[in-house]
Structure formats: structure tokens, C-alpha cells
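Q: compute the structure for the input listed below.
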Amino acid sequence: MKRNRHVKILATLGPASSDEVMIKRLFEAGADVFRINMSHSSHDLMRELVRRIRKVESEVGRPIGILADLQGPKLRVGTFADGKVELKAGQTFTLDGNPEPGDATRVYLPHPEILEAVRPGHRLLIDDGRLQLRAVASDGQRIECVVVAGTNISNRKGVSLPDTTLATGALTEKDHADLLAVLEEEVDWIALSFIQRPEDLAEARKVARGRASLLSKIEKPQAVERLDEIIEMSDAIMVARGDLGVELPLETVPGIQKRITRAARKAGKPVVVATQMLESMITAPVPTRAEVSDVSTAVYEGADAIMLSAESAAGDYPVEAVEMMDRIACQIERDPLYASIISAQRSQPEATGADAVSLAARQMAETLSVAAVVTYTSTGTTGLRTSRERPLLPILALSPKVATARRLCLAWGVHCVLADDATDLEGMVDKACRVAVEQGHARPGERIIVTAGVPLGTPGATNMLRIAYIGSDGLSAV
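A: Coordinates of the predicted model:
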């Protein structure tokens, strides 16, 4: 199925969209990748969702990507004798290691790593920032705080630590078990939550061993501070604006989104913009004007993918939300300003032969007004390099590996097709022409750009570029 846009749509599955019929409807509406949230999915449910997605994939004859989103460390306070308490600004409130039910003066914090790491002056945000505390004293066993804002705290509310770097990694015991389970099901992408530093990816990468690509969710100030290092260690990046908006001032999030998007684009790593993009469509059939502008901003910035969370997982209008996101993206990419904005933000290529070929392919394609760029890619690296150049025409990635085709479903502009490696150069060009015509991206009489590695089938060795004219029979012609 041909998409008429470059940006991809990532749709979260949930109670409103977990059956096979709905998954197929979401794909037909425009979803390119499906997200399984392991915070709300058992291993059995995850396996069933993967099975349903793969069945839809076989029916539609197109690769579909799957992203499993690991929960990450969930930091929560304990319970209260009365379920909740009322606090006053300026009063003292303590978090400690005593498991007894809390009261208006203290509460149990079942996370010794927090008790040890918090220092005077650090902020502690409870319940998505509705209660704000500031530490005034800490001895490793208890944290004495003053209430800065907010009045209520109740059982097991979440704790955010915008000023504190925890010594523990981002992969919890539950995450480790979930990671092993999703790898067994051959999902394509693993999203890691609450990354603070590049070292947080080490354990997941060691376990994955290349069986899935790793996406780092940027949702903590500590991750923003070490953004370039985290991007270098990651296969893709997500701008997770929900938690970013809790731990950082809300007014700084739009600028951080642009910074992350541009840094990821410069590095040639796919970048996803997520959270509350069409939030009102959880209960309404149309979005607000502000939400339409929000989605448009991500598309103008050249984000690889835009994501729906509760809108598709638990909303009343999951299909309509995907359709709306598709319509917005298509309209923005037709805007005369879009091409100039995308072009102005292109990065300089790396000093490698493969980058030079990808740059030349884009420049020649635009100069000659060819129909498409067709690239042969075994590992997906060539497809990503081509995507990084943001050519304003279709990119067809031909790969003999279904895992590669599925992973590239997250990359900007890349239309993935499963195809066996050609045995010689002429056969390769003929196949590129034939697939471009079959997929609706070119017609006889038009030209395409073909890139590949020679010798054929050599991973990561993109060193060949050819202009091919499509004859009346759909094959290359002199």
C-alpha cells in the first residue's frame, strides 16, 4: 500500500484497538508501526498482539514495524493510613524508609536509591508535579522536604526527580523479563524509558545482541544534558513530551523538541515525536486547532514519525485519529513552504563513501526530477543514510531481510519492499525499475536513481549510483 507522505505514523495498541480487525483498519488508515506498551501488557497479551499484527502484515503484503515500549523504573511513594493527606505550602514533609503507613508528616519511599541520591536543594515532584517538594536535608535514610506547591498526596503516587541522577540503571527486573519476552517474538524496536545517560543502554544492548533496534525515550533533564552521547549509542530517539513536561518547565519543551529532532536528524537516527498530539480525540471525533498545529510543527521539522498514544489505544475514535494524523501530514508535505524548510535543515554528510553516494543520489534526483530513489539495503544502514538526506521524492528500500524492511518502517520517506538480492548489476537495475513501477512510484518513460553496494550483497558498502530509464516493459532501457 503506497503512502502519500514521508513522515511515518506510530499507533499505540490498547483496549480500543487490540483485535485483528481494528489493527487492519488502523494500518489502512495510515499506521506504519504499532506500539505495544509493556506497562499495560502481559507477556501473553503481547504475544497475541504480535501474532495479530503479523497476520495483518501477511494479508496486506506490506512490512509492518512493531515497537515494544518497556515500562522503565516506576518510582512511587507508599500508602497512607487514611489513603491520602492534605498538606500546606511551607510545611515540612518527610520521605523515609519506614514501611509504616504515612500521615501528614511523612510517607514511606520504597526506593533506597532515591534516599541515597537526593541532596538538599533537589526537587521531588509527586503525582505528575501536582505536589512539589524541595529537599532541605538528607542522610541516606530519610529526606526532609519543604512543601513548595500543591496540597494533596495519596497512595502510591509517582515520584519524579528532575535534579537527581540515580545510580541504578534504567532497566528494571520487570523490564529485563519483558525484554527477553519481546525478543522471542522478534519485535523490531525496543523503546527504553527514563534513560538518564548513555550507559543506561548498555545492558539492553547486551541482551538484545542485534535482534532488535533500541530507541531511547528522552524524558528526563539528565538525558537532555547528555543528548548527543545518548543519540550516538541509540538506534532511534523519541521526544517523550509527557514526562519532559513534568520534570522541566512546560515552556521549555517546544525548544527541547526542536533541539532533539535536529540533533537526531544530524546523526541520521530516526526521531519520533510523541505524547498528546491529538489528545482531544480520545473523546472527540475532531482535534483542536492547537493540536493540528502541534502535529504540523513535527512534520515541518522533519521528524521521522509522529505517535498516537491513548488516542489509538483507549480512545473512542482510534481510526479517525490515525486518519486525521495522515491527512494533516499529507497536507503539510504539499505546502510550498515544506520543501524549503526541510532543505534548510539538512545536515552535512559524513566523510564516508556511503554518505557521499547518498548525497549525490539526492542531488541528482532533484536536479533531474526523477521519479524515485531505489536503494538496496541488507542491514538498513543504506536506507537510513538515504532517509537522512530527506530527498523530496519516494525512497524505495529493497531488502532480502524481512527484519530490515520492518525496522525501516520507522524511517522518514522509506517505502520498504522485500526483494531477493540480484545476481548481477543489470539484474539489480531491472529489478529496481520493475519494483518502482509495481509499487506505483514510477511509470514507463520515467527515470529512477539506483544505489547499492558492489560487490552485490556486501553489507554497509554503498558505493554505486546509477540513473536508470524505465522502458515500456517496466525494465531498464538504454
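Q: switch to C-alpha atoms for all contacts and neighbour counts from now on
A: Will do.
Q: all helices for the stretch 301-450 of the chain, in order.
A: Taking DSSP state H, counting those that start in this stretch to define them, one finds helices in the stretch 301-450 of the chain at 310-313, 318-334, 336-344, 353-368, 381-388, 402-407, 425-438.
Q: now S18, what's its secondary structure?
A: Here S18 is recorded as coil under DSSP: H, G, I helix; E, B strand; the rest coil.
Q: chain center to stretch 330-349, what's the gap?
A: Relative to its chain's centre, stretch 330-349 lies at 20 Å (CA atoms, centre = their mean, to the nearest Å).
Q: buried ones in it?
A: By 16 or more other CA atoms under 10 Å, the buried positions in stretch 330-349 come out as C330, I332, E333, Y338, A339, I342, R346, S347, P349.
Q: hang on, V273 in a helix?
A: No - counting by three-state DSSP, V273 is not part of a helix but strand.
Q: start the count at 54 instead of 1 going forward.
A: All right, first residue 54 from here; so that's V326.
Q: and it, how many neighbours does it have?
A: For V326, the neighbour count with other CA atoms under 10 Å is 26.
Q: bridging residues for it?
A: Counting by DSSP bridges, V326 forms beta bridges with V292, I359.
Q: let me see the contact set for it.
A: For V326, the contacting residues are M291, V292, A293, R294, Q310, A351, A356, A358, I359, M360, by CA atoms under 8 Å, 6 or more residues apart in numbering.
Q: before we move on, what about T504?
A: V410, S411, A414, V426, V427, T428, Y429, T515, N516, M517, L518, R519.
Q: next one: it from L478, what distance?
A: 11 Å (CA to CA, to the nearest Å).
Q: swap in L331?
A: For L331, the distance to L478 - CA to CA - is 47 Å.
Q: name the residue in the two with the higher neighbour count.
A: Set L331 next to L478 and count neighbours by other CA under 10 Å: L331 wins out with 27 against 13.
Q: quick one: that one and L361 touch, right?
A: Yes - using CA atoms under 8 Å, L331 is in contact with L361, at 7.3 Å.
Q: any shared contact partners between the two?
A: A374.
Q: now do the contacts for Q144.
A: For Q144, the contacting residues are V199, V200, by CA under 8 Å, 6+ apart.
Q: mind listing what's buried in stretch 190-198?
A: Neighbour-count burial for stretch 190-198 [16+ other CA under 10 Å]: A190, S191, G193, R195, I196, E197, C198.
Q: check what contacts it and list those residues.
A: 145-150, 165, 168-173, 186-189.
Q: again with stretch 209-219
A: With CA under 8 Å, 6+ apart as the contact definition, stretch 209-219 has outside contacts at 127-132, 166-167, 170-172, 175-182, 249, 273-275, 299-301.
Q: before we move on, what about stretch 451-458?
A: Here stretch 451-458 has contacts from 116, 241, 427-433, 450, 469-474, 485, using CA under 8 Å, 6+ apart.
Q: go on, stretch 106-126?
A: The contact list for stretch 106-126 (CA under 8 Å, 6+ apart) reads 54, 73, 76-77, 85-92, 103, 223-225, 228, 231-232, 235, 240-247, 455, 458-463, 469-471.
Q: CA atoms only for that stretch, dumped as CSV, please.
A: Output in CSV follows, covering the C-alpha atoms of stretch 106-126 (Å, rounded to 0.1, in the frame of the first residue of the first chain):
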residue,chain,number,x,y,z
ILE,A,106,-0.1,-7.7,13.6
ARG,A,107,1.9,-10.3,11.7
LYS,A,108,-1.3,-11.8,10.3
VAL,A,109,-2.4,-8.4,9.1
GLU,A,110,1.0,-8.0,7.6
SER,A,111,0.6,-11.2,5.6
GLU,A,112,-2.8,-10.1,4.4
VAL,A,113,-1.8,-6.6,3.2
GLY,A,114,1.5,-7.8,1.8
ARG,A,115,3.5,-4.9,3.3
PRO,A,116,6.1,-5.0,6.1
ILE,A,117,4.7,-3.6,9.4
GLY,A,118,7.0,-2.5,12.2
ILE,A,119,6.4,-3.3,15.9
LEU,A,120,7.8,-1.3,18.8
ALA,A,121,7.7,-2.7,22.3
ASP,A,122,7.9,0.1,24.9
LEU,A,123,9.4,-1.1,28.2
GLN,A,124,8.0,0.4,31.4
GLY,A,125,11.2,1.6,33.0
PRO,A,126,11.6,2.3,36.7
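Q: can you list the domains in the protein?
A: Using automatic domain parsing, the domain ranges for the chain come out as 61-125+222-391, 137-213, 406-530.
Q: circling back: pull out the buried members of the contacts of stretch 451-458.
A: Here, 16+ other CA under 10 Å leaves 116, 241, 427-433, 450, 469-472, 474, 485 buried among these.
Q: for the nearest residue to V348 once chain neighbours are set aside, give its distance to V260.
A: Distance criterion CA to CA, 6 or more residues apart in numbering; nearest residue to V348, sequence neighbours excluded, is M330 at 6.1 Å. Noted for M330: a distance of 32 Å to V260, by CA to CA.
Q: the more surrounded of those two?
A: Set M330 next to V260 and count neighbours by other CA under 10 Å: M330 wins out with 26 against 14.
Q: is the more buried one in a helix, a strand, or coil?
A: M330 - assigned by three-state DSSP - is coil.
Q: on that earlier part again, in this structure the residue nearest to V348 contacts T350, no?
A: No - assessed by CA under 8 Å, M330 is found out of contact with T350, at 10.6 Å.
Q: can you select the buried ones from the contacts of stretch 209-219 in PyMOL?
A: Buried members of the contacts of stretch 209-219, defined by 16+ other CA under 10 Å, are picked up in PyMOL with:
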select buried, resi 128+129+130+131+132+167+170+171+172+175+176+177+178+179+180+181+182+249+273+274+275+299+300+301
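Q: quick one: buried ones out of the contacts of stretch 190-198?
A: Buried among those (16+ other CA under 10 Å): 145-150, 168-172, 186-189.
Q: in helices, which of those residues fall?
A: Among the buried ones among the contacts of stretch 190-198, DSSP state H puts L168, E169, A170 in helices.
Q: quick check: phi and psi on the closest residue to the second one other than its chain neighbours?
A: Spelled out, that is E169. Among residues not flanking E169 along the chain, G193 sits closest, at 4.2 Å (CA to CA, 6+ apart). Dihedral pair for G193: phi 90, psi -10, per degrees, to the nearest 10.
Q: ok, now how distant is G193 from G263?
A: Relative to G263, and taking CA to CA, G193 is found at 39 Å.
Q: right, I'll call it a day here.
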